[in-house]
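*Asks:* Here you go, sequence then predicted model.
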Amino acid sequence: MNSIETIQLKNGLTIYLYLDTRRHSTFFQFVTNFGGLSKDFILDDQEYHLHDGIAHILEHYVVECNDEGNFIKELGQRQMDTNASTHYQITSYYFDAVEEVEFGIRTMLNGIYHVSFNEEKLEKLKNPICQEIRGKSNSKFYHSGIASMKNLFPQLHFQSIGGTIEEVKNTTIEEVELCYKAFYQPANQFIVIAGNFDKEKVLQEINNFYAHHPFEKHQLTLLPIKKDLSVLKKREIIYYPTSLDYVSLSFKIDVCKYSSQGLLDLDFYLNCFYHQFFGVISPLYKQLTEEKIITSGIHCSHSMIHHYLNIHIGGYTYDADLFQKNILDVLQQRNCFSKKNFELDKKASIIRLILREENIMSMIAPFINNIVLYHYPYLDKVEDVERLTYQEYKQSIMELDFTHYTVTIIRNK
């Protein structure tokens, strides 16, 4: 597997290069460490507390309100696959191109760094952003996600990346410009380039751009959240059209003691845990289907919210109380470990890692997650999975504290 080459410019920008001449295209992703959770910070000794949705608004503003025009649209007209998105921790802009890679880089960098701020431009953007929020609100899972976040992390005062319509409408141009000044500086950004490209030309393009664009230096510090395992509500019912009750149990687990490598290992162990304890091979799944408590699978996922691991376990059910009770019983007992299934999961994971090489984007997405979530700027390797052990798997899962949780039920009125 090809390795990642890391280059850091004098202005603090980091560039990650993954050269693979077997490809026909080049994937370019520009990442700013500014996401939905990054709204409490200190800039040049001044403390700020902003509202939800500000990073998402700035993403739209950067794309559409710069001196180059809408650079996403311009790259799309040249048959490049391109877009922008905002997540919990980052905002990213990317394109995938077969030709004109240097043009794409130049166009995207010019657009991102030549933004002009005025109230009229912002007001024009607010309506399509509000329409996007209305579209998402048609999903019951959008509402359950907000309830889960509000109850699980009351100290964050955070509900969603996009914010509410009211928050969007009340956003000022001064707030947007402040966030741009704080977060859109090279030392807080990185670039990933992967695929078949001319390394010398690509680096020359980037170096030439930054050589002719001096930046003001600002001192930025994200405010840490206080350690607080309390939950606002243990249970909340949301009335929304649904074929069956959907029950979601969300857990908040402190993982600040883990190293970067430890968190990566835990990520693998959690997927084994979901498979063995809640998957179609699990005793729980067989029991719940036989008793007609569920008719479809149990859905499991996890994310990182600051130094907390956020685990979700949910499913459609005919009996919300029994579903909840059974999930909690399994988590309390934790007696479904299987060495045989663990080894099978390892083999399946190794196969997935090998097959990742066939799709450049499926390789780069986990790599960016490694950087952002685990501060681990390396590709996942087969050797990383091969060294994992069954005993460490059992120990890691048994050490997790599932006592801090909230239950969200989506139900017809």
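*Replies:* Arrived safely, thanks for sending.

*Asks:* Distance-wise, check the spatially most central residue of the chain relative to residue 34.
*Replies:* Geometric centre of the chain, nearest residue: residue 87, 4.9 Å, by C-alpha atoms, centre = their mean. Per C-beta to C-beta, to the nearest Å, residue 87 is found 10 Å from residue 34. C-beta: built from backbone N, CA, C; applies to glycine.

*Asks:* do the same with residue 76
*Replies:* Taking C-beta to C-beta, one finds residue 76 at 24 Å from residue 34.

*Asks:* who has more neighbours, the two?
*Replies:* Shown here are residue 76 and residue 34; by other C-beta atoms under 10 Å, residue 34 has more neighbours (27 against 14).

*Asks:* Run through the residues that contact the residue lying closest to that one once chain neighbours are set aside.
*Replies:* Computed as C-beta to C-beta, 6 or more residues apart in numbering, the closest residue to residue 34 that is not its neighbour in sequence is residue 183, at 3.6 Å. Each residue near residue 183 by C-beta atoms under 8 Å, 6 or more residues apart in numbering is listed here: 32, 33, 34, 38, 220.

*Asks:* Return the distance of residue 350 relative to residue 359.
*Replies:* 17 Å.

*Asks:* Compare neighbour counts for those two and give me the winner.
*Replies:* Set residue 350 next to residue 359 and count neighbours by other C-beta under 10 Å: residue 350 wins out with 16 against 11.

*Asks:* So for stretch 349-361, what gets flagged as buried?
*Replies:* Under the neighbour-count criterion of 16 or more other C-beta atoms under 10 Å, stretch 349-361 has 349, 350, 353, 356, 360 buried.

*Asks:* Output the residues you listed as JSON lines; include the columns distance to residue 327, secondary structure and pLDDT.
*Replies:* Formatted as JSON lines, the buried residues of stretch 349-361 follow (distance: C-beta to C-beta, whole Å; DSSP: H, G, I helix; E, B strand; the rest coil; pLDDT from 0 to 100):
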{"residue": "349", "distance to residue 327": "25", "secondary structure": "helix", "pLDDT": "94"}
{"residue": "350", "distance to residue 327": "30", "secondary structure": "helix", "pLDDT": "94"}
{"residue": "353", "distance to residue 327": "30", "secondary structure": "helix", "pLDDT": "90"}
{"residue": "356", "distance to residue 327": "31", "secondary structure": "helix", "pLDDT": "84"}
{"residue": "360", "distance to residue 327": "38", "secondary structure": "helix", "pLDDT": "85"}
